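Colleague: Just a sequence and a predicted model for now, questions to come.
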Amino acid sequence: PSKPFEAKQESPREPDVASSLEEATRLAQKEEVKTKPISTPSFKEVKPELVITPPPYKEPVQAIKAPEPESVEKAEIGDLAQVNNMSGVGGLKSNNEGLVALARRAKFHYEPPSTSFLKEYPSASEVVDEKTIALRDIILQTMKDFHIEADADQITIGPTVTMFEYRLAPGILVTKLNNIQKNLSINLRGRSIRILTQIPGKQTVGVEVANEVRQVVGFKELLYSIENQKFRVPMILGKTITGEPICLDVAKTPHLLIAGTTGSGKSVCVNSLICSILYTKSPKEVRLIMVDPKIVELSIYNGIGHLLTPVITEQKKVIKALDWLVDEMQRRYTVMRPYGVRNIDAYNEKIQSGEFAAEKFPFIVLIMDEFADLMATAGKEIEDKVARLCAMSRAVGIHVVMATQRPSTDVITGTIKSNIPTRIAFAVSSGVNSRIILDEQGAEDLLGKGDMLYLNPSQLGVSRIQGAFLSDNEVEQIVKHVRTQGEPDYLDPDLFEDIEPDEDNMIT
């Protein structure tokens, strides 16, 4: 019985030892495998695939949709809007820090000047008295003396002149009136007269005779006439013979040429334009660039918030300013293109409605006084730049106002005239100068001191207007108030500086 017992004891011991050794060997091999770094190429290739997360898979989907026209347009508009908001008003390159200036403008509230700065003037009587009737009869008798049969018609008393209208008999040539102009003046005791051979809308001729006492047309009186008008760049001109206030929107003209001799009222007209803007528009709506070769005419406006740069008096800076305006014009066209708009009004309406996050474009008005001096020093260069601006800048809200006291053909060239159809002529020295400005005579017979002829291409013929009067004291008070509304946000002065060549890098 012991042998079977020993056999049973030995047989299980031997397998147990062997199995233990084998198990120990397997465990050792497993530990060795765990401690070894994973370096097989196949595992490296698989590992990136195992860690891919859903977000990277979205990028190919976006890349496929990007070429669609709608997506490209939205991306482009967003980029342009971001650039637009990072600089000065409407994306202009500001001298101040972009975001700081933008934050200031968001809180900016413009308070226009008070009308208490302006003086009121009494209105003249418009009653036809015996003296006026006597003048009518003298003109009628003179016409009959030269075999011009006519009947007296209407009498209109204006601020500066009184117009007498007559109906000519059948078969009488209206050109005969021009031949007796000097005789009429002599019979009226030397009074200045102007003959109208055609009055728009009427079958009469007119003779304008200067009043003995002229009425002063105050700026304040006409300021109320534009309160309810939706003018984008308003300008107060004055009153017609019938007493109708005349105010124009420079944004519609779209450019303006003003000419007249010294003392004719040209400078007062320019002041009226500027003050019309100061009273009705904030710097966020209209910005100004002023050029004053005479230095003393427009320097009073330095420091107002509407200016994009201090008043320019140097010729080199004038050319730089024109270059900048051309670049700004092209920039605005580039910004507006993705929005699908054709002009500044449509663009600003989209911004106003909140359709896109951007800042409105302000209108920019370039005012150049004594344009003749600029043409004398750099004629062709300035003429080309001004002509290009006038031809293309209207749609993007950039407008040009030029004034000169020497309206000759070398100053007001055919190129400039063709691009500036709206013109104002004050008193000039000859009929030739009148033709250069208005394409017709008449300005040589004006009386000065604001007496003007206004040529509007949308109307038939020219209109005689007595300009609104602004005294130097009134202008000073207006400007003083506007300066208190905040410091001007000028353009970067580097835009108007010449780039000096580096002598070390010059090619010899």
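Modeller: Perfect, thanks for sending it.
Colleague: Please make it C-alpha for all contacts and neighbour counts, starting now.
Modeller: Will do.
Colleague: OK, contacts around the most centrally placed residue in the chain?
Modeller: The centroid of the chain falls nearest to Ile364 when counting by CA atoms, centre = their mean (2.6 Å). Taking CA atoms under 8 Å, 6 or more residues apart in numbering as the criterion, Ile364 is in contact with 286-289, 397-399.
Colleague: What segments of this structure are strands?
Modeller: 150-157, 161-168, 193-196, 205-210, 234-240, 245-249, 256-259, 286-291, 363-368, 398-404, 423-425, 451-455, 462-467 (DSSP state E).
Colleague: can you give me the offset of the shortest one from its chain's centre?
Modeller: Using CA atoms, centre = their mean, to the nearest Å, we find the averaged C-alpha position of strand 423-425 to lie 20 Å away from the chain's own average C-alpha position.
Colleague: And the third one, by the same measure?
Modeller: In terms of CA atoms, centre = their mean, the centre of strand 193-196 is found 37 Å from the chain centre.
Colleague: Sheet partners, orientation included, of it?
Modeller: strand 205-210 (antiparallel) (DSSP bridges).
Colleague: Let's see the strand it pairs with as PDB, backbone CA atoms only.
Modeller: C-alpha atoms of strand 205-210 as PDB (Å, rounded to 0.1, in the frame of the first residue of the first chain):
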ATOM      1  CA  VAL A 205     -37.800 140.600 -70.900                       C
ATOM      2  CA  GLY A 206     -36.300 142.100 -67.800                       C
ATOM      3  CA  VAL A 207     -34.300 145.100 -66.700                       C
ATOM      4  CA  GLU A 208     -32.600 144.900 -63.300                       C
ATOM      5  CA  VAL A 209     -31.800 148.200 -61.700                       C
ATOM      6  CA  ALA A 210     -29.700 148.600 -58.500                       C
END
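Colleague: And the furthest pair within the contacts of Ile364?
Modeller: Farthest apart among those by CA to CA are Ile289 and Gly397. That separation is 13.4 Å.
Colleague: Pass me the low-pLDDT residue ranges in the stretch 101-250 of the chain, would you?
Modeller: 101-108 (pLDDT under 70).
Colleague: go with 80
Modeller: 101-108, 124-126, 227-229 (pLDDT under 80).
Colleague: what do you get for the chain?
Modeller: For the chain (pLDDT under 80), the answer is 1-108, 124-126, 227-229, 355-358, 378-379, 494-508.
Colleague: Tell me which stretches of the stretch 351-500 of the chain form helices.
Modeller: Ranges of helices in the stretch 351-500 of the chain, per DSSP state H, counting those that start in this stretch, are 371-392, 414-419, 431-438, 472-483.
Colleague: Please identify which of those helices is closest to Ile157.
Modeller: So among the helices of the stretch 351-500 of the chain, helix 431-438 is nearest, using CA to CA, at 24.6 Å.
Colleague: So what does the closest residue to Asp373 other than its chain neighbours have for phi and psi?
Modeller: For Asp373, ignoring the flanking residues on the chain, the nearest one in space by CA to CA, 6 or more residues apart in numbering is Pro293 at 7.0 Å. Geometry field for Pro293 lists phi and psi as phi -60, psi -30, criterion degrees, to the nearest 10.
Colleague: same deal with Leu447?
Modeller: Per degrees, to the nearest 10, the backbone of Leu447 is at phi -100, psi 0.
Colleague: Spit out the contact partners of the closest residue to it other than its chain neighbours.
Modeller: Leaving aside its chain neighbours, Leu447 sits nearest to Ala427 (6.4 Å; criterion: CA to CA, 6+ apart). Applying CA under 8 Å, 6+ apart to Ala427 gives the contacts 260-261, 264, 443-448, 451-452.
Colleague: hey, which of the strands of the chain is tucked in deepest?
Modeller: strand 423-425 (a mean of 27; mean count of other CA atoms under 10 Å).
Colleague: quick one: strands adjacent to that strand?
Modeller: strand 256-259 (parallel), strand 451-455 (antiparallel).
Colleague: how close does Glu328 get to Ala321?
Modeller: 10 Å (CA to CA, to the nearest Å).
Colleague: now Lys252
Modeller: In terms of CA to CA, Lys252 sits 23 Å off from Ala321.
Colleague: Show me the one of the helices of the stretch 351-500 of the chain that comes nearest Thr162.
Modeller: helix 431-438 (21.7 Å).
Colleague: What count of nearby residues applies to the residue nearest to Asp373?
Modeller: 21 (other CA atoms under 10 Å).
Colleague: So that it lines up with my notes, have the first residue be 475 from now on.
Modeller: Happy to do that; since the first residue is 475 now, the last one works out to Pro767.
Colleague: ok now do it, which residues does it touch?
Modeller: Contacts of Pro767 by CA under 8 Å, 6+ apart are 786-789, 843-844, 847-848.
Colleague: Quick check: the residue lying closest to Glu914 once chain neighbours are set aside vs Met637, distance?
Modeller: Using CA to CA, 6+ apart and skipping the chain neighbours, the partner closest in space to Glu914 is Ser908 (6.2 Å). From Ser908 over to Met637 the distance is 21 Å, taken as CA to CA.
Colleague: what's the answer for Gln789, then?
Modeller: 45 Å.
Colleague: Please name the residues that touch Ile709.
Modeller: Let me fix one detail, which is that residue 709 is Met and not Ile. Met709 touches 721-724, 746-748, 750-751, counting by CA under 8 Å, 6+ apart.
Colleague: The same query, at a cut-off of 7 Å, please.
Modeller: Shown in contact with Met709 (CA atoms under 7 Å, 6 or more residues apart in numbering): 721-724, 746-747, 750.
Colleague: Show me which of these is closest to Arg610.
Modeller: Cys721 (31.1 Å).
Colleague: Quick one, which of the strands paired with strand 897-899 gets closest to Asp858.
Modeller: Here strand 730-733 is closest among the strands paired with strand 897-899 (CA to CA), at 16.3 Å.
Colleague: returning to that earlier point: could you dump the helices of the stretch 825-974 of the chain into a markdown table with distance to Glu695 and mean neighbour count added?
Modeller: What follows is the helices of the stretch 825-974 of the chain, written out as a markdown table (distance: least, CA to CA, whole Å; neighbours: other CA atoms under 10 Å):
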| stretch | distance to Glu695 | mean neighbour count |
| --- | --- | --- |
| helix 845-866 | 30 | 17 |
| helix 888-893 | 32 | 16 |
| helix 905-912 | 28 | 22 |
| helix 946-957 | 14 | 17 |
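Colleague: buried ones in stretch 805-824?
Modeller: Neighbour-count burial for stretch 805-824, counted by 16 or more other CA atoms under 10 Å, picks out 806-807, 809-810, 812-813, 815, 817-819, 821-822, 824.
Colleague: ok, so of the residues you listed, who is nearest Leu697?
Modeller: Asp819 (24.1 Å).
Colleague: Arg706 versus that closest one, what's the distance?
Modeller: Asp819 sits 9 Å away from Arg706, taking CA to CA as the criterion.
Colleague: cool, Gln689 as well?
Modeller: Gln689 sits 29 Å away from Arg706, going by CA to CA.
Colleague: These two: who's more crowded?
Modeller: Arg706 (20 against 17).
Colleague: Would you enumerate the residues in contact with the more buried one?
Modeller: 723, 725.
Colleague: What residues does Val672 make contact with?
Modeller: Careful, residue 672 is Gln; it's not Val. 678-679.
Colleague: and with 8 Å instead?
Modeller: Contacts of Gln672 by CA under 8 Å, 6+ apart are 678-680.
Colleague: for Leu921, same thing?
Modeller: Neighbouring residues of Leu921 by CA under 8 Å, 6+ apart: 666, 684, 738, 901.
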